[in-house]
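>>> just coords:
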């Protein structure tokens, strides 16, 4: 079974189709390639784990929906359970988000596995949408993670049906042909998070002062999801994971809705919105 060394010679759908027909077991590694000033540079790496030709796991650096938010979208848990889970993680619970939700009784193991499968498919969809060209490597010797085998594999229709193939490339419109439209919706209230708007785009912090603006870093994606999430926590773009955890822990203790159970409705709503914003940011960055 021969695979091309570059994605520009084929499509991801064709690659996965070839591996499916060959009942391959291993990891398909895709390292992004981009041209910059006439030179070629390598970017993000994506890995698709296969078991007997079926997709069994997806690892990607592209933005994807955290498991808690995925379960909320599926209607399996209440957002309150996600907030409690994030609060426990901020206080030092080392377990994965799904394990915490199961221990809380918020979901069953079967429901969690269904959510992980949906999350896995969403990650693969993101790779299909966001990948233009990449270096292609297939490794047969790398063992698959145990959690991947516990979640199970996708059906062929989930990763092959309706996917673009090489024969379709000549008829495919340019990837960036659609103009972008401006939106006044706050980033944390968009469909990416599923958090409803509360009427104010930016609820003021409890202390009465705005979070300090992050330092400018021309090499960091300041307008991307990570940059916006860091700003929501009052952090600079070069903040590491330990700093993020400390910042959220401080905000979670200060903003948690239980502290304001006897406050007027307007005050409770304001703090709840700010807590939801901080939780969503932390979920993207760490959880």
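Okay, I see it. Since the structure is predicted, the reported quantities are computational estimates derived from the model, not experimental observations.
>>> what's the distance between the residue nearest to residue 284 when sequence neighbours are not counted and residue 242?
Beyond its immediate neighbours in the sequence, the residue positioned closest to residue 284 (Cβ to Cβ, 6 or more residues apart in numbering) is residue 229, lying 4.7 Å away. C-beta coordinates here come from the backbone N, C-alpha and C atoms, glycine included. Residue 229 sits 16 Å away from residue 242 when distances are taken as Cβ to Cβ, to the nearest Å.
>>> ok, residue 158 next?
From residue 158 to residue 242 the distance is 37 Å (Cβ to Cβ).
>>> these two: which is more packed in?
residue 158 (16 against 8; other Cβ atoms under 10 Å).
>>> next up, the contacts around the more buried one.
55, 121, 124 (Cβ atoms under 8 Å, 6 or more residues apart in numbering).
>>> is it true that the last one touches residue 48?
Just to be clear, that refers to residue 124. Yes: in this structure residue 124 lies within contact range of residue 48 using Cβ atoms under 8 Å: 7.0 Å.
>>> anything in contact with each of those two?
55, 58.
>>> looking at the two, which is more packed in?
residue 48 (25 against 22).
>>> tell me the backbone dihedrals of that one, please.
phi -120, psi 120 (degrees, to the nearest 10).
>>> quick check: pLDDT value at it.
According to the prediction, residue 48 has pLDDT 91.
>>> beta partners of it?
residue 28, residue 58 (DSSP bridges).
>>> enumerate every residue touching it.
Going by Cβ under 8 Å, 6+ apart, residue 48 touches 16, 27-28, 30, 55, 57-59, 124, 127.
>>> quick check: of these, which lies closest to residue 43?
residue 30 (10.4 Å; Cβ to Cβ).
>>> which residues touch the closest residue to the closest one other than its chain neighbours?
Spatial nearest neighbour of residue 30, excluding adjacent residues (Cβ to Cβ, 6+ apart): residue 134 at 4.1 Å. Each residue near residue 134 by Cβ under 8 Å, 6+ apart is listed here: 6-7, 30-33, 46.
>>> go again with 6 Å.
Residue 134 sits next to 7, 30-33 when contact means Cβ atoms under 6 Å, 6 or more residues apart in numbering.
>>> could those go into a markdown table alongside secondary structure, neighbour count and pLDDT?
Formatted as a markdown table, the contacts of residue 134 follow (DSSP: H, G, I helix; E, B strand; the rest coil; neighbours: other Cβ atoms under 10 Å; pLDDT from 0 to 100):
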| residue | secondary structure | neighbour count | pLDDT |
| --- | --- | --- | --- |
| 7 | helix | 20 | 86 |
| 30 | strand | 21 | 92 |
| 31 | strand | 16 | 91 |
| 32 | strand | 19 | 90 |
| 33 | strand | 17 | 86 |
